[in-house]
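# Sequence first, predicted coordinates after that:
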Amino acid sequence: MMINYTMVYHLFKTTEGYLSVTPLEQAIAEAYASQGQQADVNRVHLLLLQTKFYLPVQKEHTPTEEEPFRPLFAVHEKHIFMLAFEAEDQMAAWAAEQAGEIAHVQLSGRDLVVGIGENVFLVLNPGAKLSKEFSPEELQYLKKIVARIEQMN
């Protein structure tokens, strides 16, 4: 199935005067500006898989081998959203007064994509000047890419 990235690839939130700080944010801004040109989308995907993310998790969770941590998520209109941040201070700013009640883990984008559930949206850097929502279809596509890469190794 081909994914229409112009449709799937939407930016969640932007503000005027945006100044990109990370390579992934820059790639997202470029993909948006090019209206989803495949080369720009591919660059976003590559950087997403290579980037380390901070994932907010439940603080009061006893780790097990099957579930070493329990990610926080939000449900809105029957859709599940999981949040990931490129910087720990971004996550702390997002958490605000709740920061003491939230723990976090650091994961590679690759591990995040592989481990995320089928019908979950991934929201990158919520509350930042540039935030990107990855749809379940886009994440499934990325899982297939990871599987192909692993087959080649």
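Yep, that arrived.

# A29: how many residues sit nearby?
A29: 20 surrounding residues under other CB atoms under 10 Å. No exception for glycine: its C-beta is placed from N, CA and C like everyone else's.

# Quick check: pLDDT value at it.
A29 carries a pLDDT value of 90.

# I'd guess it is in a strand, am I close?
No. With DSSP: H, G, I helix; E, B strand; the rest coil as the criterion, A29 is located in helix rather than a strand.

# gap between it and F134?
Distance, A29 to F134, using CB to CB, to the nearest Å: 15 Å.

# just V57 next, same as before
With CB to CB as the criterion, V57 and F134 are 19 Å apart.

# quick one: which of these two has more around it?
F134 (25 against 16).

# quick one, what contacts the nearest residue to the more buried one once chain neighbours are set aside?
Of all residues not flanking F134 in the chain, L122 sits nearest, at 4.3 Å (CB to CB, 6 or more residues apart in numbering). L122 sits next to F81, M82, L83, A84, L112, V113, I116, E133, F134, L139 when contact means CB atoms under 8 Å, 6 or more residues apart in numbering.

# Can you list the buried residues in stretch 27-40?
A27, I28, A29, E30, A31, Y32, G36, D40 (16 or more other CB atoms under 10 Å).

# Kindly report the same for stretch 123-137.
123-126, 128-136.

# Mind checking which of these are in strands?
V123, L124, S131, K132, E133, F134 (DSSP state E).

# The fourth one contacts I28, doesn't it?
Yes. With contact taken as CB atoms under 8 Å, K132 and I28 are classed as touching, separated by 5.0 Å.

# can you map out the strands along this structure?
11-13, 52-58, 73-76, 79-84, 102-108, 120-124, 131-134.

# re the thing from before, pick the one among the buried residues of stretch 27-40 closest to A93.
Each of these was checked against A93 using CB to CB; the closest is I28, at 19.0 Å.

# For N125, see how far away that closest one is.
I28 is 9 Å from N125, by CB to CB.

# Might you report the residue contacts of the residue nearest the centre of the chain?
Nearest to the mean C-alpha position of the chain, by CA atoms, centre = their mean, lies L124 at 4.0 Å. Taking CB under 8 Å, 6+ apart, we find L124 in contact with L24, I28, L48, F53, A84, F85, E86, S131, K132, E133, F134.
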